[in-house]
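1. curious how this folds, go ahead:
(one chain, ligands or ions: 2)
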Amino acid sequence: MLVVARPCADPPTAPRARANPTPKRAFGRDAPLRGPAPSARPKRNAGAAPPPQRRCHGETSPMRLTRYFLPVLKENPAEAQIVSHRLMLRAGMIKQSSAGIYSWLPLGFKVLGKIEKIVHEEQARAGHIPMLMPTLQPADLWRESGRYDAYGEELLRIRDRHERDMLYGPTNEEMITDIFRSHVESYKALPLTLYHIQWKFRDETRPRFGVMRGREFLMKDGYNFDLTQEDAMHAYNRHMVSYLRTYERMGLKAIPMRADSGPIGGDNTHEFLVLAETGESEVFYDKAIEDLALGAREVDFDDHAQLEAIRDEFTTPYARTDETHDAALFDQIPEDRRVQGRGIEVGQIFYFGTKYSDAMGAEVIDSTGKRVAVHMGSHGIGVSRLVGALIEANHDDKGMIWPESVTPFGAGIVNLRQGDDATDAACEALYAKLSAAGVDPLYDDRNERAGAKFATMDLIGLPWRITVGPRGLKDGLVELTCRRTGETEEMSPDAAAAKIAAIYAAL
Ligand code: ATP
Ligand code: MG
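-> Ligands and ions are numbered 1, 2, ... in the order given. Here you go, the predicted structure:
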C-alpha cells in the first residue's frame, strides 16, 4: 500500500492562500530566496539561502514534510531481496517502471545529486574536464570498433524512422574517440581527460537488487588521451587516486582489486569493491589493505612519482575478485590476514592502449611530425549503484543511516506538538537558522504522533535529528539525536543548530 506522507490539505498551521506565486526555480534547482520572506507568502523554504554550487541532479532545498513528496511504504515490499532495495522502496526513493528501470523520486534523487557532486569535485581536482554526450548513439561508430556485433544481447539496438541503426549507449569509448579525432590534431593538446555523468543502458539478463543491477543506470565515465603509454599510466594513476578520494569522502571503504578486462578490452585494470555480504563479486584480499586510507594527505595530480607511489601502496597487498584470484598467491599471505568475502563493484579503471585509436584512426602529430595513435583508457564510477552500496554499508533495523557527505537532508526537525505556538515558533526558527547555514533541513511539520515522526526520520536516516517539544522548551531545551549512535543530548536550540552547522561546515 502506498501511503503518501504529504496530505492533500495543508495542515492547520500552514497558511493556505498564496498571495505570491511560488518563486520561479532556476533550471534544475531551487533558486535561493534572498532576504526575509514577505509575511503573506507561504512559509515555503523561508530563510533558505543554500550556497551556490555546481548544478547536479537534486540539489539542496530545505523542505517541510507537508510540502514534500515522500511516499513511504508501510509494508515491506515483497520483491526486494536485499536491504538497500527494500529500504529504497520503503522510503520512497525509487519506483520501478519496468525491470531494472526506475524513477528516482525526490529523496533518492537528492542522494544521487550528492554523489554526483562529490564525483565532479574530485574529477575537477584531478584536472579532468566535464562534458555531456547523448544517450543514443549511431550504430556506425560501433561498427568501426567492431563492438556493434561483439557486444551481444546487452546492447539495446534501436532503429529510427529513417531506418538508421542506433543504440542506447552502454558506455562511450567510440563516441569520445570520434569527438577526439574530429578535433585534436597535435600532441600539444595532450594530455586530455574528458568525462561525463550520463545514463547508460545495458540489457542485463537478470536485473536485480534494485539500483544495484539496473538496466538503465547512471555512470560517470571518463576517457584519457595521451601521447605515450607512460603518460596514459599517469592518467590511470590519477584516476585511481581520485576514485579512492571520491569513495572515502562518501565514507566508503572501496578496495582496488586487480580485475579482468572483459568486453572493453585491455590488460591493465582495477575494480573498486565495497565489502558487503550482499555483493555479487567474491573477493579475496590481504587484511592489511583495510588499514590503508588517503586521508587528508596533499596530492599533486601532476606529480608522476607521487601518484605512482600511492598506486603501489594501494595495489601491492593481494586483493582480487574471483575472476583473477590466484589461490597459490593468496596462500602466501599469513593466515590471520587472509580475508575471503563478498563485494559490490562501484567503479573500474582501464588502460587499453591504442585499441580504439587504432580501430577508429584517433591520431595526433607528434613532436617529430609523425602521425601516432593516442593511448587511451576509460574509467567508470557506478553513480546510481553507489546509492544502494551506501545503504548496504550504512543501515540498521530501523532504516538507513546516511553519512553527512551524501545525506538527502542535513538534519531533521521533529515538532512534537504541531499547532502549539511556542513549539511551532521554535521549529520555524530552527528551520530558518539551519537553512541559512546551508544545512538543508527537513522539517516534519505533520500533524502526526511522535512515534510516527520518529519512525519516518529513522527510516530515511538523516544523520541528525532535533526534537522540539513544549516540555523541553519550557526550560529552553531541545534534543539533538545522532542517528548512528542513538545518543541524545539536551541543549538550547541555538546550540543544536550551531553544532550541526559546524559539522557540515567541516566536511
Ligand atoms: P558488472 O561487473 O557489475 O556487470 P561492469 O564491470 O560490466 O559491471 P563497468 O563497465 O566497469 O561495469 O561500468 C562501470 C561501473 O558502472 C561499474 O563499476 C558499476 O559500478 C556500474 N555498473 C555497471 N553495470 C551496472 C548495472 N547494470 N547497474 C548499475 N550499475 C552498474
Ligand atoms: Mg567493471
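2. for the nearest residue to residue 214 once chain neighbours are set aside, which residues are in contact?
-> Nearest residue to residue 214, sequence neighbours excluded (CB to CB, 6 or more residues apart in numbering): residue 100, at 4.4 Å. Every C-beta, even on glycine, is put in place using the N, C-alpha and C of the backbone. Residue 100 sits next to 204, 207-208, 213-216 when contact means CB atoms under 8 Å, 6 or more residues apart in numbering.
3. smallest gap between the stretch 351-500 of the chain and ligand 1, at which residue?
-> Of all residues in the stretch 351-500 of the chain, residue 382 sits closest to ligand 1, at 2.1 Å by CB to the nearest ligand atom.
4. for that residue, give its distance to residue 297.
-> 26 Å (CB to CB, to the nearest Å).
5. which neighbouring elements make contact with the helix or strand hosting residue 358?
-> Taking DSSP states H and E as the definition, one finds residue 358 inside helix 355-360. With contacts defined as 3 or more CB pairs under 8 Å, 6 or more residues apart in numbering; DSSP states H and E, helix 355-360 has these neighbours: helix 139-145, helix 173-183, strand 375-382.
6. enumerate the residues of the stretch 301-450 of the chain near ligand 1.
-> 345-348, 380, 382, 384-385 (CB under 6 Å from any ligand atom).
7. from ligand 1, how far out is residue 165?
-> 22 Å (CB to the nearest ligand atom, to the nearest Å).
8. ah, wrong one, I meant residue 97
-> The separation that residue 97 has from ligand 1, given CB to the nearest ligand atom, amounts to 15 Å.
9. so which residue is dead centre in this protein?
-> residue 115 (2.7 Å; CA atoms, centre = their mean).
10. who touches that one in this structure?
-> Counted by CB under 8 Å, 6+ apart, residue 115 has contacts 250, 383, 386-387, 390, 406.
11. which of those residues fall within helices?
-> 383, 386-387, 390 (DSSP state H).
12. start and end of stretch 69-83, how far apart?
-> One end of stretch 69-83 to the other measures 22 Å (CA to CA, to the nearest Å).
13. helices of the stretch 151-300 of the chain, start to end?
-> For the stretch 151-300 of the chain, helices defined by DSSP state H, counting those that start in this stretch occupy the ranges 173-183, 229-249.
14. need those helices in JSON lines with distance to residue 283 and mean pLDDT, can you?
-> What follows is the helices of the stretch 151-300 of the chain, written out as JSON lines (distance: least, CB to CB, whole Å; pLDDT from 0 to 100):
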{"stretch": "helix 173-183", "distance to residue 283": "27", "mean pLDDT": "98"}
{"stretch": "helix 229-249", "distance to residue 283": "15", "mean pLDDT": "98"}
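15. please identify the most buried of the ones you listed.
-> helix 229-249 (a mean of 23; mean count of other CB atoms under 10 Å).
16. dump that helix to CSV, keeping only the CA atoms.
-> C-alpha atoms of helix 229-249 as CSV (Å, rounded to 0.1, in the frame of the first residue of the first chain):
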residue,chain,number,x,y,z
GLN,A,229,52.0,4.6,-22.6
GLU,A,230,53.8,6.3,-19.7
ASP,A,231,51.5,9.3,-19.8
ALA,A,232,48.5,7.1,-20.1
MET,A,233,49.6,5.2,-17.0
HIS,A,234,49.9,8.5,-15.2
ALA,A,235,46.3,9.1,-16.2
TYR,A,236,45.4,5.7,-14.9
ASN,A,237,47.1,6.6,-11.5
ARG,A,238,45.3,9.9,-11.5
HIS,A,239,42.0,8.1,-11.8
MET,A,240,42.9,5.6,-9.1
VAL,A,241,43.8,8.3,-6.6
SER,A,242,40.8,10.5,-7.4
TYR,A,243,38.5,7.4,-7.1
LEU,A,244,40.0,6.5,-3.8
ARG,A,245,39.3,10.0,-2.5
THR,A,246,35.8,10.0,-4.0
TYR,A,247,34.8,6.9,-2.2
GLU,A,248,36.5,8.0,1.1
ARG,A,249,34.5,11.2,1.0
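17. and ligand 1, is that helix touching that?
-> No. If you take CB under 6 Å from any ligand atom as the test, helix 229-249 misses ligand 1, and the best it gets is 10.1 Å.
18. other SSEs contacting that helix?
-> Helix 229-249 packs on helix 106-125, strand 216-226, strand 254-258, strand 268-275, helix 304-315, strand 338-353, strand 375-382, going by 3+ CB pairs under 8 Å, 6+ apart.
19. low-confidence ranges in this structure?
-> 1-60, 262-267 (pLDDT under 70).
20. spell out which residues of the stretch 151-300 of the chain are next to ligand 1.
-> Residues of the stretch 151-300 of the chain lying near ligand 1 (CB under 6 Å from any ligand atom): 171, 202, 204, 213-214, 217, 219, 262.
21. who wins for neighbours among these?
-> residue 214 (26 neighbours; other CB atoms under 10 Å).
22. quick one: that residue from residue 233, how far?
-> From residue 214 over to residue 233 (counting by CB to CB), the distance is 32 Å.
23. again, but for residue 193
-> From residue 193 across to residue 233, the span is 13 Å (CB to CB).
24. now residue 162
-> From residue 162 to residue 233 the distance is 43 Å (CB to CB).
25. and if you look at residue 130?
-> 23 Å.
26. cool, and residue 383?
-> Distance of residue 383 to residue 233, given as CB to CB: 25 Å.
27. just residue 215 next, same as before
-> Distance from residue 215 to residue 233, by CB to CB: 34 Å.
28. over to residue 224?
-> 10 Å.
29. and stretch 116-133, what's buried?
-> Residues 116-120, 122-123, 126, 128, 133 are the ones in stretch 116-133 that count as buried (16 or more other CB atoms under 10 Å).
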